[in-house]
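Participant: Show me how the following folds:
(chains A and B)
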Amino acid sequence: MIVVEFRKQVWRLRTYLALGLMIAIPVITTVAFKLSGGPKEQNGQINLFDLGTRSGLNMPVDSLLVMSGFLLPVIVSLFAGSAIAEEASWGSLRYLLVRPVSRSRLLTGKLGVAAILALVATLLITVTGLVGGVIAFGWHPIVIPSFTSASATTPISLTTLSQGEALARLVASTFYVAWCMTGILAFAFMLSTITDAALGAVSGGIGLTVVSEILDAIPPLRTSRNFLITHYWLAWTDLFRHPVGTGEVIRGVLLQIPYVIAFLLVAWWWFHRKDIVS
Amino acid sequence: MSDAPIELVGLSKRFPNAGMVVDNLSLKVEAGRVFGLLGPNGAGKTTVLRMLLGLVHPTAGEARLFGEPVRAGDSVLRRVGALVERPAFVPHLSGFDNLEIFWRAGGQPLSESHIDDALKIAGLGKAIRRKVRTYSTGMRQRLGIAQVLLGAPDLLLLDEPTVGLDPEEMRETRNLIRDVSERGATVFLSSHILAEVEQVCTHVAIMDRGHLVSSGSVAQMIGAAASVYLEVDDVDKAIKVLGSVAGVERLVHEPPGLSIMLDGVQRKELVAALVHAGVGVETITSRHRLEDAFLQMLAGEEQ
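Facilitator: Below you'll find the predicted structure:
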């Protein structure tokens, strides 16, 4: 089933456009940094983004920062939200289901392909940023901000990391970002089983991202913000500071699990009892 | 429990927004028959087909294929080819790719699909490699019929199989249904084209508003209804005269003459009434058509 589903997605212009964006934005960012000399430090403050031109290894970090907050979730919502609903709108869903294929197997195949495409999209951001960054700024040790403690918020100086160490943290960050997308992916996929309008399911995924990020920016909500699906999305940047902070990264990994389970349970329950009339 | 290709036992379906669409339907289709399901729009024909394929869950009763209760994704569906409502494909893939992925989705090797035979039937030539989004309605319908025939199924479920086809293609499709039946497969089709059903079906069932009105062989059905076609020298006067004759069920002006459905009145009584009123009768022809039986049964159901 996964092979069949892949075939539908691979021979499709939309897939290439979506993945092409994951390449284009890091390239544009790299070129812009190269031509402009990179962002300037504000009032003596140092942040990760401003260090993009110090080494080619900084560029994938900047690319993930730029993309993971909005554009990546949009693309993930696109892959997951259209998985079932689009087939329903074409009318081809009923023909998939008149084959001796259980609904669970169909859902697993479609979810699997959406998840793999989401992972590929995330990997493309990092790989493109890395290749572009190394070409533009060279293969040097990476420069990261240094703090007095893991919980401190104001950097006091800069520290260098070897290329090997930076690469290892980059791989971990990439998979963390991909993992953070699973909640949105499961939500858009759930909507895709409920509605026959793919646009609605895709918009739902994007909408959840936007609403969660807006709520996360409201300080009076205090600790309840810790349960928002997007709250720990940028926790991976703690891997690019000295000393390394892993607490929020672990909480970010764990937070996605109940969301994914809940959304997928609803998707499975709904799709099994659904009458296919499209 | 029999292993008839199709058996419906007290099958019912209620949709939240549409009420009872199929109501306590029981029906059995024996192997090798070409069975037509007739009914006006909204009779529940497509819902019956969807329940037979496990696409729609019955509210009550059971649909069985080859003796097995149907559930979504059952292995018994390997023996079934289906065309539901209209053919539908992945638009950005070619006709060939659509057939291939449709077959592979069932986990069966392409070598068991008889795809070459299906392609021959589709008759799309080089267009089979074109994206389906470029196909006309007729091309999609032919591809849909080819898809139904993949794997040489034992049972074909066809919903309006000739919609969108030109007269030549409709004739080819009818011949195809006969060929499939001759090799031993069972065909269950719904259609609103009564002449088509009359030509290809051995048995029919008539549905109206979710109920089974009648079922039996086509010959039995046609025998249950009688009509005549009259050509007269004064059509308007004839309509007036015949309208007052007891036993004239339905009177339709079909130029150059009149089609009259009879309910107990003899042909000679019609002629006598017309002659007595001074209307010249040029010809009178007996007609026994499925359409007449269909309309008569639905009229009886209304009463």
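Participant: okay, CA-based contacts and neighbour counts for the rest of this
Facilitator: OK.
Participant: Burial check on residue 73, number of neighbours?
Facilitator: Using chain A here. Other residues near residue A:73 come to 27 when the count uses other C-alpha atoms under 10 Å in any protein chain shown.
Participant: Oops, wrong one, chain B.
Facilitator: Residues near residue B:73, counting by other C-alpha under 10 Å, number 23.
Participant: Report the contact partners of it.
Facilitator: Residues counted as contacts of residue B:73 (C-alpha atoms under 8 Å, 6 or more residues apart in numbering or on different chains) are A:97, A:98, A:99, A:100, A:101, A:102, A:103, B:54.
Participant: Pull out the buried residues from those.
Facilitator: Among the contacts of residue B:73, the ones that count as buried by 16 or more other C-alpha atoms under 10 Å in any protein chain shown are A:97, A:98, A:99, A:100, A:101, A:102, A:103, B:54.
Participant: Tabulate those (JSON lines), appending pLDDT and secondary structure.
Facilitator: Formatted as JSON lines, those follow (pLDDT from 0 to 100; DSSP: H, G, I helix; E, B strand; the rest coil):
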{"residue": "A:97", "pLDDT": "92", "secondary structure": "helix"}
{"residue": "A:98", "pLDDT": "92", "secondary structure": "coil"}
{"residue": "A:99", "pLDDT": "92", "secondary structure": "coil"}
{"residue": "A:100", "pLDDT": "91", "secondary structure": "coil"}
{"residue": "A:101", "pLDDT": "89", "secondary structure": "coil"}
{"residue": "A:102", "pLDDT": "92", "secondary structure": "coil"}
{"residue": "A:103", "pLDDT": "94", "secondary structure": "helix"}
{"residue": "B:54", "pLDDT": "94", "secondary structure": "coil"}
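Participant: okay if I get those residues as JSON lines plus distance to residue A:159?
Facilitator: Compiled in JSON lines, these are given as follows (distance: C-alpha to C-alpha, whole Å):
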{"residue": "A:97", "distance to residue A:159": "57"}
{"residue": "A:98", "distance to residue A:159": "61"}
{"residue": "A:99", "distance to residue A:159": "59"}
{"residue": "A:100", "distance to residue A:159": "59"}
{"residue": "A:101", "distance to residue A:159": "56"}
{"residue": "A:102", "distance to residue A:159": "55"}
{"residue": "A:103", "distance to residue A:159": "53"}
{"residue": "B:54", "distance to residue A:159": "63"}
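Participant: how close does residue A:74 get to chain B?
Facilitator: 22 Å (C-alpha to the nearest C-alpha, to the nearest Å).
Participant: quick check, residue B:36 in a strand?
Facilitator: Yes: counting by DSSP: H, G, I helix; E, B strand; the rest coil, residue B:36 falls inside a strand.
Participant: Neighbours of the residue lying closest to it once chain neighbours are set aside, how many?
Facilitator: Setting aside the residues directly before and after it, residue B:36 is nearest to residue B:204 in space (C-alpha to C-alpha, 6 or more residues apart in numbering or on different chains), at 4.5 Å. Residues lying near residue B:204 (other C-alpha under 10 Å) number 27.
Participant: residues in contact with residue B:204?
Facilitator: B:35, B:36, B:37, B:38, B:215, B:216, B:217, B:218.
Participant: Looking at the buried ones among the contacts of residue B:73, which is nearest residue B:119?
Facilitator: Set against residue B:119, the nearest of those by C-alpha to C-alpha is residue A:99 (19.2 Å).
Participant: got a list of what the residue nearest to that closest one when sequence neighbours are not counted touches?
Facilitator: Spatial nearest neighbour of residue A:99, chain neighbours left out: residue B:106 (5.3 Å); criterion: C-alpha to C-alpha, 6+ apart. Each residue near residue B:106 by C-alpha under 8 Å, 6+ apart is listed here: A:99, A:100, A:101, B:78.
Participant: how about these, which pair is most distant?
Facilitator: The distance between the two most remote of the contacts of residue B:106 (C-alpha to C-alpha) is 9.6 Å, for A:101 and B:78.
Participant: what residues does chain A put near chain B?
Facilitator: Taking C-alpha under 8 Å from any C-alpha of the partner chain as the criterion, the neighbours of chain B within chain A are A:1, A:4, A:8, A:11-12, A:87, A:90-92, A:94-103, A:273-277.
Participant: Just the buried residues out of the residues you listed, in PyMOL syntax.
Facilitator: To isolate the buried members of these in PyMOL, using 16+ other C-alpha under 10 Å:
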select buried, chain A and resi 1+4+8+87+90+91+92+94+95+96+97+98+99+100+101+102+103+275+276
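Participant: what about the helices in the stretch 101-250 of chain B?
Facilitator: Secondary structure of the stretch 101-250 of chain B (DSSP state H, counting those that start in this stretch): helices at B:115-122, B:137-149, B:167-182, B:194-200, B:218-223, B:235-243.
Participant: The longest one to helix B:137-149, inter-axis angle?
Facilitator: For helix B:167-182 against helix B:137-149, the angle by axes from the mean of the first three to the mean of the last three C-alpha atoms, to 10 degrees is 10 degrees.
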